[in-house]
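**Student:** with the input below, show me the fold.
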Amino acid sequence: MSLKIGKRFIVLSFREPGDAEAAGRKYVGNRIPIWLGPGQAFGSGEHETTTSCLEELENLPIEATTKILDLGSGTGILAIAAAKMGARTVTALDTSADAVESTRSNAKLNGVETAVFPAQGGLERVKDERFDIILANLYGEVLLGLVPDLTKCLQPGGLLVLSGIHYDFNYELRTAFLRLGLKLLKDRFLENYTTLVFKNVG
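**Tutor:** Purely as a prediction, here's the structure:
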């Protein structure tokens, strides 16, 4: 698999021993490579919600001090992309043990294992932490139950990127975050889902 996403990323499958040398490169052409090994977790980059998250991620202000949370990490594709863009730390949470192992393996494959920290569980694992950027590619009905906790985990001035939201949940979810004082920066309609970007202006 070779999949170009946005202006900056290319997702590649790691299948052969000879791929090891290529996986060590900082760029493939002029793009940041994200190598994915075999695994069962969600997040190959082909689904429109993953693609849209990467397209939003490439435009975010990520610096050497940026602390990121990837909630529902799947293969770790978003966490790896964020780490390769220079984030200080990326906490990658997923309730699936397979996903946690997949993220750990893929982070090592991409040489970002010192920046990506996979863990099994949900927001309760980080309830006392605050993040500069939160990425959550989950179903809309799941996100609705996390609105207060996601807001609490976001630093003042922090950014929240949400996807996996079917059209039916867009308005309710958008309204719930606006009520808590977040500012809507983007409401993007895809073929079957939507992606929302908020800023914590509080």
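**Student:** contacts only, for Lys199.
**Tutor:** Shown in contact with Lys199 (Cβ atoms under 8 Å, 6 or more residues apart in numbering): Gly157, Gly158, Leu159, Leu160, Leu182, Lys183, Leu185. Every C-beta, even on glycine, is put in place using the N, C-alpha and C of the backbone.
**Student:** with Glu58 instead?
**Tutor:** Gly6, Lys7, Arg8, Phe9, Ala81, Met85.
**Student:** 10 Å - rerun?
**Tutor:** Each residue near Glu58 by Cβ atoms under 10 Å, 6 or more residues apart in numbering is listed here: Ile5, Gly6, Lys7, Arg8, Phe9, Ile32, Ala81, Ala82, Met85.
**Student:** let me know the closest of those to Asp149.
**Tutor:** Closest to Asp149 out of the contacts of Glu58 is Ala82 (20.4 Å), distances taken as Cβ to Cβ.
**Student:** quick one: which two of the contacts of Glu58 are the most distant?
**Tutor:** Lys7 and Ala82 (16.0 Å).
**Student:** of these two, who's got more company?
**Tutor:** Ala82 (28 against 10; other Cβ atoms under 10 Å).
**Student:** make sure that one is indeed in a helix.
**Tutor:** Yes: the assignment for Ala82 is a helix, going by DSSP: H, G, I helix; E, B strand; the rest coil.
**Student:** and for Asn30, the neighbour number?
**Tutor:** Based on other Cβ under 10 Å, the number of other residues close to Asn30 is 8.
**Student:** quick one: it from Ala64, how far?
**Tutor:** 22 Å (Cβ to Cβ, to the nearest Å).
**Student:** could you do Arg8 as well?
**Tutor:** Taking Cβ to Cβ, one finds Arg8 at 18 Å from Ala64.
**Student:** check Ala115 too.
**Tutor:** From Ala115 to Ala64 the distance is 10 Å (Cβ to Cβ).
**Student:** Met7: what's it in contact with?
**Tutor:** Actually, residue 7 is Lys rather than Met. Asn30, Arg31, Glu55, Glu58, Asn59.
**Student:** where do the helices sit along this structure?
**Tutor:** Using DSSP state H, the helices of the chain run over 19-23, 48-57, 77-84, 97-109, 140-144, 147-152, 167-179.
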